[in-house]
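>>> A structural model of the following input is requested.
(one chain, ligands or ions: 2)
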Amino acid sequence: MSIPRQHLNLIDGQSRPAASGEVIEVIDPSDGQVFTSIPRGADGDIDAAVNAAHDAFRRVWRNQTATDRGRILSRLAASILAHQDELSELECRDTGKPMAQARVDIAACARYFEFYGGAADKLHGETIPYTAGSTVMAIRVPHGVTGHIIPWNYPAQIFGRSVGASLAAGNCCVVKPAEDACLTPLRVAALALECGLPPGVLNVVCGLGREAGAALAAHPGIAHISFTGSTETGATVAEAAARRHVPVTLELGGKSPQIVFADADLGQAVPVIVNAIIQSAGQTCTAGSRVLIERSIYAEVLAQIGARFDALRIGPGLSDLDCGPLVNRRQQHKVMGMIESAQADGIRIAGQGKLVAGAPVDGCYVLPTLFADVPAGHAIAQKEIFGPVLSAFAFEGEDEAAELANGTDFGLTAGVWTRDGGRQLRMAHAIEAGQVFINNYGAGGGIELPFGGMKHSGYGREKAFEGLRGFTTIKTIAIKHG
Ligand code: NAI
Ligand code: MG
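Numbering: from 1, shown residues only. Ligands and ions are numbered 1, 2, ... in the order given. Presented below is the predicted three-dimensional model:
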């Protein structure tokens, strides 16, 4: 597939360069080579996009029926699937993820538009009993123009997740994708136009976080912000929004535990546990980056996971191996630095993948690494590494398992592996996390399942009907009719 040498912003239905004319080079992390460029948008471009979105909201989108909005989104879902090969390759080149994983992400992006296309006209308000001779209704109304700050790890999926829900709820959108991964959001937004989405309803402005991202978070025309990314940037965005009293949904990092009890079905658990940290080279907010193993089976499970790590092959995204490179040089250095400091502290490596022969020397590769007997307070046990690094710990009984599981600042997801029904529920209640999976993990994207964090993993919920409701606010209408 030939990829255009230059990509443009999408504002008011038109492809435009940044007002400054500046561009950012796009590097394929599989080989370190520049293959296209994106515009370096800034405040003027964001301003134009927000104005276009307001205009579209007033003129067309808020007058569309929910059914018509849903139909456009359903058409977009079909179009994304029809373009799955092209979109998967864009995602693979932009992020480095193996083709098979990119294909899953594109299918999930389509599924978001399918889900929210179907949900658009099923979003109901309430009527409320009140005084005699009155009727009260609480109706759901869109916020207006919503801002979407998207990370680079799942650009297509997270675009679908927040834009799909926001458009279905009747908002118009301004999207600022991550500077490391803008290509699928731009392409899907162009497909949306072809599917009949009116110009200006969905705008995409590429640029740096501290420029275009900060301008979007602070723009007075934005009525709601959904942010996915680091805990630090999440706080910066929430501060900017707080000054304007604008609601924010924050989906931040995680340090999610996989808890394996002695009665677990290991044949089922082990492959899922390995996949949960290898997927997208560990650059997943829900990465299962800690495995907690009951002491009586610790050595056995560690050996099984270690053998799988030893067999992992890493290489270019297009080669479609087990694991691709990290997204950029900065992330590669950050993750390698954490691996090296753990080794320097004497933490034992119990399994490590291998770089495939002939992998480009300038690729941003990091070997998937399993660390054993990790002290609970060590940085690799506490910090979000955002790379293919799994830390193993031993525990004794449910109380210690819950204590270890809850012993970080994060609370996004958790996996529990046990055949004991009572224990399944006790653990599910004891764990501080937005999602707990029992004898499975990740559930294939789980578009139908409310998703979001506790503690430093953020607040607000996305996915499912809960995510759709988040893109609305309630207006109460009280009528006295006697
Ligand atoms: P980041 O949080 O800075 O970037 C996420 C998005 O925020 C990007 O679109 C970026 O352009 C934008 N952004 C950056 N600064 C901004 C600002 N001042 N105002 C508004 N928007 C801004 O994350 P970064 O630096 O790319 O990655 C660093 C770490 O963040 C990773 O190592 C990982 O731990 C975490 N992360 C977590 C993600 C998740 O899914 N929870 C996704 C991406 C990163
Ligand atoms: Mg990229």
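
>>> of all the residues in the stretch 101-250 of the chain, which ones are close to ligand 2?
Proximity of the stretch 101-250 of the chain to ligand 2 is confined to Asp180, Ala181 under the rule C-beta under 5 Å from the ion. Any C-beta I mention is one placed from the backbone N, CA and C, and that applies to glycine too.

>>> how about the helices in the stretch 101-250 of the chain?
For the stretch 101-250 of the chain, the helices defined by DSSP state H, counting those that start in this stretch cover 155-168, 183-194, 214-218, 231-243.

>>> The last one and ligand 1, are they touching?
By that I understand helix 231-243. Yes - Helix 231-243 lies within reach of ligand 1 by C-beta under 6 Å from any ligand atom, at Thr233, Thr236, Val237.

>>> Just the CA atoms of that helix, as CSV, please.
Extracted in CSV, the C-alpha atoms of helix 231-243 (Å, rounded to 0.1, in the frame of the first residue of the first chain):
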residue,chain,number,x,y,z
THR,A,231,-1.6,10.5,34.9
GLU,A,232,0.5,13.7,34.8
THR,A,233,-1.0,15.0,31.5
GLY,A,234,-4.5,14.0,32.7
ALA,A,235,-4.1,16.3,35.8
THR,A,236,-2.9,19.1,33.5
VAL,A,237,-6.0,18.7,31.3
ALA,A,238,-8.3,18.5,34.2
GLU,A,239,-6.9,21.7,35.7
ALA,A,240,-7.4,23.6,32.5
ALA,A,241,-11.0,22.3,32.3
ALA,A,242,-11.7,23.1,36.0
ARG,A,243,-10.9,26.8,35.3
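
>>> just to revisit the earlier point, which of the helices of the stretch 101-250 of the chain sits closest to Ala48?
Set against Ala48 and scored by C-beta to C-beta, the helices of the stretch 101-250 of the chain come closest in helix 214-218, at 11.0 Å.

>>> Establish whether the closest one and ligand 1 are in contact.
Yes - Helix 214-218 reaches ligand 1 (C-beta under 6 Å from any ligand atom) through Ala214, Ala217.

>>> ditto for stretch 139-153
Yes - interface with ligand 1: stretch 139-153 contributes Ile149, Ile150, Pro151, Asn153 (C-beta under 6 Å from any ligand atom).

>>> and these as TSV, adding pLDDT?
TSV is the format used below for the residues of stretch 139-153 next to ligand 1 (pLDDT from 0 to 100):
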residue	pLDDT
Ile149	98
Ile150	98
Pro151	98
Asn153	98
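
>>> what's the closest of those to Gln352?
For those, the minimum distance to Gln352 (C-beta to C-beta) is 22.3 Å, reached by Asn153.

>>> who's in contact with the residue nearest the centre of the chain?
Central residue of the chain (C-alpha atoms, centre = their mean): Ile158, 4.8 Å from the mean position. Each residue near Ile158 by C-beta atoms under 8 Å, 6 or more residues apart in numbering is listed here: Ile150, Pro151, Thr228.

>>> measure it to Gly234 for me?
14 Å (C-beta to C-beta, to the nearest Å).

>>> Check Thr228 too.
Taken as C-beta to C-beta, the span from Thr228 to Gly234 is 8 Å.

>>> joint contacts of these two?
Leu250, Leu252.

>>> before we move on, the earlier item: in JSON lines: the residues of helix 231-243 next to ligand 1, plus neighbour count.
Formatted as JSON lines, the residues of helix 231-243 next to ligand 1 follow (neighbours: other C-beta atoms under 10 Å):
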{"residue": "Thr233", "neighbour count": "20"}
{"residue": "Thr236", "neighbour count": "17"}
{"residue": "Val237", "neighbour count": "24"}
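
>>> For Leu404, state which of these is nearest.
Thr233 (28.2 Å).

>>> In this structure the closest one contacts Ala217, no?
No - using C-beta atoms under 8 Å, Thr233 makes no contact with Ala217, being 9.4 Å away.

>>> Give me the common contacts of these two.
With C-beta under 8 Å, 6+ apart, Thr233 and Ala217 have common neighbours Phe227.

>>> What is the burial count for the nearest residue to Thr472 once chain neighbours are set aside?
What sits nearest to Thr472 in space, not counting adjacent residues and going by C-beta to C-beta, 6 or more residues apart in numbering, is Arg140, at 4.1 Å. Arg140: 17 surrounding residues under other C-beta atoms under 10 Å.

>>> In this structure Arg140 contacts Asn171, no?
No - applying C-beta under 8 Å as the test, Arg140 and Asn171 come out as separate, 11.6 Å apart.

>>> where does the stretch 301-450 of the chain have low pLDDT?
443-445 (pLDDT under 70).

>>> What segments of it are helices?
Under DSSP H, counting those that start in this stretch, the stretch 301-450 of the chain gives helices at 329-344, 379-382, 397-405, 421-430.

>>> What's opposite Val436 in the beta bridge?
Beta-bridge partners recorded for Val436 (DSSP bridges): Ala414.

>>> That one is in contact with Ala428, isn't it?
Yes - counting by C-beta under 8 Å, Val436 touches Ala428, with 4.5 Å between them.

>>> Pull up the overlap in contacts between the two.
Contact with both Val436 and Ala428 is made by residues Val416, according to C-beta under 8 Å, 6+ apart.

>>> Who has more neighbours out of the two?
The residue with more neighbours, out of Val436 and Ala428, is Val436; 21 against 14, by other C-beta under 10 Å.

>>> quick one, what contacts the more buried one?
Per C-beta under 8 Å, 6+ apart, neighbours of Val436: Thr413, Ala414, Gly415, Val416, Met427, Ala428.

>>> quick check, nearest of the residues you listed to Glu400?
The closest of those, once distances to Glu400 are taken by C-beta to C-beta, is Met427, at 11.8 Å.

>>> which residue packs closest to that closest one, ignoring adjacent ones?
Here the residue nearest Met427, using C-beta to C-beta, 6+ apart, is Val416, at 4.6 Å.

>>> Can you report how many residues lie near that neighbour?
By the criterion of other C-beta under 10 Å, Val416 has 30 neighbours.

>>> Thought Ala428 was touching it, still the case?
Yes - applying C-beta under 8 Å as the test, Val416 and Ala428 come out as touching, 6.8 Å apart.

>>> Which neighbours do the two have in common?
Shared contacts of Val416 and Ala428, defined by C-beta under 8 Å, 6+ apart, are found at Val436, Ile438.

>>> how about the residues of the stretch 51-200 of the chain that lie near ligand 1?
So far as C-beta under 6 Å from any ligand atom goes, the stretch 51-200 of the chain lies against ligand 1 at Ile149, Ile150, Pro151, Asn153, Lys176, Ala178, Glu179.

>>> where's Ala212 relative to ligand 2, distance?
Distance of Ala212 to ligand 2, given as C-beta to the ion, to the nearest Å: 16 Å.

>>> nope, Arg62 is what I meant
Going from Arg62 to ligand 2 by C-beta to the ion gives 35 Å.

>>> Number of residues surrounding that residue?
Arg62: 15 surrounding residues under other C-beta under 10 Å.

>>> Give me the nearest residue to it, chain neighbours excluded.
Gly170 is the one closest to Arg62 (C-beta to C-beta, 6+ apart), at 6.1 Å.
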